[in-house]
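Asker: Have a look; sequence and predicted model below, questions after that.
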Amino acid sequence: MSTLVSVSADEAPARRSAAALLWRRLSRNVMSLAALGLLVVVALTAAAAPVIMPYDPDAPDAERTLEPPSRRHWLGTDLYGRDQLTRIVYAGRVDLLVALEATAVALSLGAALGAVSGYRGGWIDQVLMRIIDTIQAFPSFILAMGIAAALGNRLTNIVIAIAITHVPIYARLIRGEMLRIREMEYAEAARTVGNPRRRIIFYHLLPNCFPPVVVQATLAMGFAILTVAALSYIGLGIRPPTSEWGAMTAEGAGYIVSGEWWIFLFPGLAIMATVLSFNLLGDALRDVLDPRMKGV
Amino acid sequence: MSDLLAVSDLTVHFDTDEGVVQAVDGATLRIAPGEVVGLVGESGSGKSVTALAILRLLRPPARVLGGRIELDGRDLLGCSEQEMRAVRGSQISMVFQSPRTSLNPVLSVGRQIERLLVRHAAARPGQARERVVEMLREVGIAEPERRARQYAHQLSGGMCQRVMIAMALATSPRLLIADEPTTGLDVSIAAQILDLLRDLGRRTGAAILMITHDLGVVARLCDRVVVMHAGQTVEWAPVRELFHAPAHPYTRALLRSIPRVAGAREMEPIPGWVPSLLAPPPGCRFARRCALVRSECGVSVPVHAVGEDHRVACVAVEASQWTR
């Protein structure tokens, strides 16, 4: 031991938390900041809707039907005289929550399937991946429609429908990552010290698959919102009178020709802005989490 | 002296699209408790495959066809996967060649050692944390409390290897397998790591199987040496004997191929190349490159004793007079 020189502390790079680094890189891109800002506003207003909105989203007001945007009703009122802005904000609760739940369910299921499939290989992989292939063989929206129609349009069922169509996205991605990561030396090292397989897969290796998953989940959130809205638009999703962006757009569609443009336009804009924000944020995260950007 | 580990006639094949690769063919070696044994050979000679076979970590397309691997007289090839998990990490542990990539990037190094202690040494998490710091200090890492909270990418290569060694020795294993532990480290750090391994080996009483292609490492560290060529073990010798009186033609050629700075003699490369392991020649796999080749070489490879604890697998050795 006498020949040993203790390794000096300044040999390693300065400590920097991963979150701080992520934020620093993300904040350099104006578009992604704007996207993040908009999503935060949507989420906060949705969460605080009962406190900040002066109107009841579902209470009709026969005196003030189909009013154009004014100082009293910033985004106008609908056929029943309900305040559009209030309904759009309340609708954000439904849309974001459904998308978030669907993403969480799909991610958990997909991660478990993909991780086991990729790590085990062989017939287990074959069986699991053929199941995934079967799901993917359907156009995803048609599949979501089918499931929603079959289960009946309760909120939970819509979450299930969207989750099922999203499972393959995560399962395939994580399987691919797992194929790479299981050959890494730290995987070998984890086996060397006698860890049981379940622990190797879910504790040691799965967290290493996550950077691309974060990107994918962000992009898929946007897609999930679009699906909720689309299902509701065609009447298979959230039912009126619950306010939901897609359903509101559908209600407003009948008034385009008669000139009440605000009824369909604003919910439509809400969908577009939210989905676009998720996509922008996903793209930005992809750039930020790119391993080639390390050390920048 | 009873052996800690005895590998005999280990045969490992890989099924590939081009055919069966006969990666290890009758490898034999033994390690006494506390001993440092070098396993030397060029790339592809089957050193690492032998190591993984000892831990039963070979996966398809690799197949262990035959042989025995005994740890304290217990045949590891006959153990269940459950029993092997108890052996790995607690009785036999391993240090890999690229320390940075052998550490999990998303777990702090302290946490990785801690998990191991909780698993194998039945330590309670609180106790384990103290022991982690103690282990890190023991392998010469400054500020162990701080380092334990850091991740592999925040440490230098040398420090990562120290962490790996701390991890490998945390559970006081009987045998430590070190697979080229100094590859990729610069020379001065490599020397420190080797000294550390030797000192800790002595202190904990763990035997070390040092896998390397570097004869300098062998000379510095090992008590005995086993030479491998193309999947066969060809010579077993105490380290001084190997350098002073190498017996196998391959070992002799290997020693002559080391470049000398002093320039007393020319460096001599070994003629020919390692035979394809897809269809290796029968008998001795060095025969085609060997100056002493004779017809029996293609039939059998007898093992002779040529000195105390010095054996060689060669037909030609017994008949010829070896002088230095």
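Answerer: Okay, I see it.

Asker: Next, the buried residues of the longest helix along chain A.
Answerer: Across chain A, the longest stretch assigned as helix under DSSP state H is helix A:84-120. For helix A:84-120, the neighbour count (16 or more other Cβ atoms under 10 Å in any protein chain shown) marks A:84-96, A:98-99, A:101-103, A:105-107, A:109-119 as buried. Where C-beta positions appear, they are placed from N, C-alpha and C, glycine not excepted.

Asker: For the most centrally placed residue in chain B, list each beta-bridge partner.
Answerer: For chain B, B:I211 is the residue whose C-alpha lies nearest the centre (Cα atoms, centre = their mean; 2.6 Å). On the basis of DSSP bridges, B:I211 is bridged to B:L39, B:D179.

Asker: How about B:Q97: what's its closest non-neighbour residue?
Answerer: B:E180 (4.0 Å; Cβ to Cβ, 6 or more residues apart in numbering or on different chains).

Asker: doesn't B:I211 make contact with that neighbour?
Answerer: Yes. B:E180 lies in contact with B:I211 (Cβ atoms under 8 Å); the separation is 6.0 Å.

Asker: can you count the residues close to B:L292?
Answerer: Neighbourhood size, B:L292 [other Cβ atoms under 10 Å in any protein chain shown]: 15.

Asker: need the residues of the stretch 101-250 of chain B near chain A, please.
Answerer: Contacts of the stretch 101-250 of chain B with chain A, taken as Cβ under 8 Å from any Cβ of the partner chain, map to B:101-107, B:116, B:119-120, B:140-143, B:146, B:150, B:153-156, B:158-159, B:162, B:164, B:167, B:192, B:195-196, B:199.

Asker: Buried ones among these?
Answerer: Using 16+ other Cβ under 10 Å as the burial test, those include B:101-104, B:106-107, B:116, B:119-120, B:140-141, B:150, B:154-156, B:158-159, B:162, B:164, B:167, B:192, B:195-196, B:199 as buried.

Asker: what secondary structure does B:H13 sit in?
Answerer: Secondary structure for B:H13, judged by DSSP: H, G, I helix; E, B strand; the rest coil, is strand.

Asker: what sits against B:R162?
Answerer: Taking Cβ atoms under 8 Å, 6 or more residues apart in numbering or on different chains, we find B:R162 in contact with A:V7, B:L136, B:V139, B:G140, B:I141, B:I193, B:L196.

Asker: Over whichever strand or helix holds it, what's the mean pLDDT, rounded is fine.
Answerer: In the assignment (DSSP states H and E), B:R162 maps to helix B:157-169. Confidence for helix B:157-169, expressed as mean pLDDT, is 86.

Asker: got the CA coordinates for it in PDB?
Answerer: Provided in PDB are the C-alpha atoms of helix B:157-169 (Å, rounded to 0.1, in the frame of the first residue of the first chain):
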ATOM      1  CA  GLY B 157     -10.400   5.600 -15.600                       C
ATOM      2  CA  GLY B 158      -7.900   4.800 -12.800                       C
ATOM      3  CA  MET B 159     -10.500   5.700 -10.100                       C
ATOM      4  CA  CYS B 160     -13.200   3.600 -11.900                       C
ATOM      5  CA  GLN B 161     -10.800   0.600 -11.800                       C
ATOM      6  CA  ARG B 162     -10.200   1.200  -8.100                       C
ATOM      7  CA  VAL B 163     -13.900   1.200  -7.600                       C
ATOM      8  CA  MET B 164     -14.300  -2.000  -9.500                       C
ATOM      9  CA  ILE B 165     -11.600  -3.600  -7.300                       C
ATOM     10  CA  ALA B 166     -13.300  -2.300  -4.200                       C
ATOM     11  CA  MET B 167     -16.500  -3.800  -5.400                       C
ATOM     12  CA  ALA B 168     -14.900  -7.100  -6.300                       C
ATOM     13  CA  LEU B 169     -13.200  -7.400  -2.900                       C
END
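
Asker: How about A:M184: what's its closest non-neighbour residue?
Answerer: Among residues not flanking A:M184 along the chain, B:T101 sits closest, at 6.3 Å (Cβ to Cβ, 6+ apart).

Asker: now do B:P173
Answerer: Looking at B:P173 with Cβ to Cβ, 6+ apart, the closest residue is B:S93, at 4.4 Å.

Asker: just checking, that neighbour touches A:R191?
Answerer: No. In this structure B:S93 lies outside contact range of A:R191 using Cβ under 8 Å: 11.8 Å.

Asker: who has more neighbours, these two?
Answerer: B:S93 (30 against 22).

Asker: so what's the more buried one scoring on pLDDT?
Answerer: Reading off the model, B:S93 has pLDDT 89.

Asker: And for A:S17?
Answerer: Per-residue confidence for A:S17 comes out at a pLDDT of 64.

Asker: ditto for the one 3 residues further on
Answerer: Reported pLDDT at A:A20 in the predicted model: 77.

Asker: got it, and the one 10 residues further on?
Answerer: Reading off the per-residue confidence, A:V30 sits at a pLDDT of 84.

Asker: Can you report how many residues lie near it?
Answerer: Burial of A:V30 is recorded as 8 neighbouring residues (other Cβ under 10 Å).

Asker: who touches it in this structure?
Answerer: So A:V30 contacts nothing (Cβ under 8 Å, 6+ apart).

Asker: Show me the strands in chain B, by range?
Answerer: Ranges of strands within chain B are B:5-16, B:19-31, B:36-40, B:62-71, B:74-75, B:92-95, B:175-179, B:207-212, B:224-229, B:232-238, B:303-307, B:310-313, based on DSSP state E.

Asker: Okay then, goodbye and thanks.
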